[in-house]
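# need a structure here:
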Amino acid sequence: MWRTTPVHRWELTGSVAQDRLPALPADIDTEHLQRPEDGVGPLFHRHYRTRIAAARMTPEELVSRIAADLDAVAPSEFASFQRLQGEPGRLAVGDEYVVRMPGPWDGPVRVVASTPTSFRLATLDGHLEAGQIEFRATADHRSIEFAIESWARSGDWLSDVLYTHLRMAKEVQLHMWTSVLERVVELAGGHMDGGIGVVTRSVSPSAEGDVDSGTGPSDAGDLRRLSDLARRSVNFDPGSVDPQSPDGRWRLDDMSVPLPREQPGPPTPGGSWETTRDLMRDYQIADPATVRATYRRNAPLAGRDMLLQIRFAGVRFQVGVRVGDVYNETREVDGRPAQVFGWDYKTLEGHFEQGRMHYEVWKWLDTGKVEFRLHAYSRVADRGPRLLRLGFRLVGRSRQLRFYHQICRRVRRLTDAQLDT
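Coordinates of the predicted model:
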């Protein structure tokens, strides 16, 4: 019989400050540990989670059962755990296992932390990855949340190619941990509530400096082109634009999407409005499979230059935009107060479009209603690469609208995912 598990996947740009690994206990044996600094490529901070409704175990009982026999939740078609050091039937700090996987890539690990509701493993020399992974269970009044959280880089250049570039290892890993979560739900005696959420935050190798290159690696060419944007001007005169003019050249778009509601009053700390604001500020709102931004993280948002890499039909185009106004203010609309955070950017010379894009998050203070708004006006550029301008005339409008709708959906779902994490 067919069985389907909903999997909600999100990729975000991470940062060194937010995605730092948990500290190792002072008394842990660090010999042969494979740390992230020993690895290759981006640091991936991954978070897999699911909710278990009607479970017949407490979080402590569930973690205890898993720790006693890791193979009980390991999908045999992907991996199995073989104990190398430690007492059978229990899991303790210092125990070592080797994760047997198809092919020549077995993964030795060591237990570096353990509590009644969690345990954490660190990779050893020879593992595909360099980092740590934690398994934990928590409960609220209605369900258990089980999470697998990892912080790791590829162990060597071949693993990096398979994961970051060919994405083969990435899909295998996704299916493996999805299968583990399904088995955890079965072991707990409950049922899955809401499917599986997967959030991946990528910290590029250049993130130790001041350049953010989205969810993929940057190269010297990207950084050079980013620096070159400072010498480019906006490719239209914003003061002369009348999107409502009857010549039909400018296209005006307004979209909005409701977000999780808050209590009336100022934005709730860590709530829907602040979460969306942070996603907007870090340009997490665009799907990196479609648009990836490279910019200087330490530069103020106002006036920031961004190099956008646009992917279409297997081809990548790089264009520049410049952030203009940034505002966080209380507005009154029809007698109703609203807290509004927003910013806009304008297209630069060399872009196949001319126009301006606004992103805003609103909270109506009287009701607690929160919404994301997108406002844009654009037209085909008068100058720039002819082939790109021709392509935009032919298929650009449909792709443009798809991109706008994609942003609205992504903001809604990312906000939901962040609030649930």
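
# my read: residue 146 touches residue 180, true?
No. Taking contacts as Cβ atoms under 8 Å, residue 146 lies outside contact range of residue 180: 9.3 Å. C-beta: built from backbone N, CA, C; applies to glycine.

# between the two, which is the more surrounded one?
Between residue 146 and residue 180, counted using other Cβ atoms under 10 Å, the more crowded position is residue 146 (28 against 21).

# the more buried one: which element?
For residue 146, the enclosing helix or strand under DSSP states H and E is strand 143-154.

# helices or strands up against the helix or strand just after that strand?
Next along the chain after strand 143-154, taking DSSP H and E as the criterion, comes helix 157-160. In terms of contacts (3 or more Cβ pairs under 8 Å, 6 or more residues apart in numbering; DSSP states H and E), helix 157-160 is packed against strand 40-53.

# send me the strand it packs on as CSV with only the CA atoms.
This file holds the C-alpha atoms of strand 40-53, laid out as CSV (Å, rounded to 0.1, in the frame of the first residue of the first chain):
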residue,chain,number,x,y,z
VAL,A,40,35.6,21.2,3.5
GLY,A,41,33.0,23.6,2.0
PRO,A,42,30.0,25.3,3.7
LEU,A,43,28.9,24.5,7.3
PHE,A,44,25.4,23.1,7.2
HIS,A,45,23.2,23.5,10.3
ARG,A,46,20.3,21.1,9.7
HIS,A,47,17.2,20.7,11.8
TYR,A,48,14.8,17.8,11.2
ARG,A,49,11.7,17.6,13.3
THR,A,50,8.3,16.1,13.7
ARG,A,51,5.5,16.1,16.2
ILE,A,52,4.2,12.8,17.7
ALA,A,53,0.5,12.8,18.7
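
# distance between the helix or strand where residue 414 lies and the chain's centre?
In this assignment (DSSP H and E), residue 414 forms part of helix 397-420. On the basis of Cα atoms, centre = their mean, to the nearest Å, helix 397-420 sits 13 Å off its chain's mean C-alpha point.

# remind me what that helix packs against, helices and strands.
strand 7-13, strand 191-203, strand 251-259, helix 272-281, strand 370-380.

# ranking these by mean pLDDT, which is last?
Note on the helices and strands packed on helix 397-420: lowest mean pLDDT is at strand 7-13, with a mean of 82.

# which elements pack onto it?
For strand 7-13, the packing partners by 3+ Cβ pairs under 8 Å, 6+ apart come out as helix 168-188, strand 191-203, helix 397-420.

# report the buried residues of that strand.
By neighbour count with 16 or more other Cβ atoms under 10 Å, strand 7-13 contains the buried residues 10-13.

# stretch 225-241 now?
225-226, 229, 234-236.

# can you flag which of those belong to helices?
225-226 (DSSP state H).

# make TSV out of the buried residues of stretch 225-241 and add distance to residue 176.
Formatted as TSV, the buried residues of stretch 225-241 follow (distance: Cβ to Cβ, whole Å):
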residue	distance to residue 176
225	38
226	37
229	41
234	48
235	47
236	50
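
# let me have the buried residues of stretch 225-241 in JSON lines, extended by distance to residue 324 and pLDDT.
As requested, these are arranged in JSON lines below (distance: Cβ to Cβ, whole Å; pLDDT from 0 to 100):
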{"residue": "225", "distance to residue 324": "21", "pLDDT": "89"}
{"residue": "226", "distance to residue 324": "18", "pLDDT": "90"}
{"residue": "229", "distance to residue 324": "14", "pLDDT": "94"}
{"residue": "234", "distance to residue 324": "9", "pLDDT": "95"}
{"residue": "235", "distance to residue 324": "14", "pLDDT": "90"}
{"residue": "236", "distance to residue 324": "13", "pLDDT": "91"}
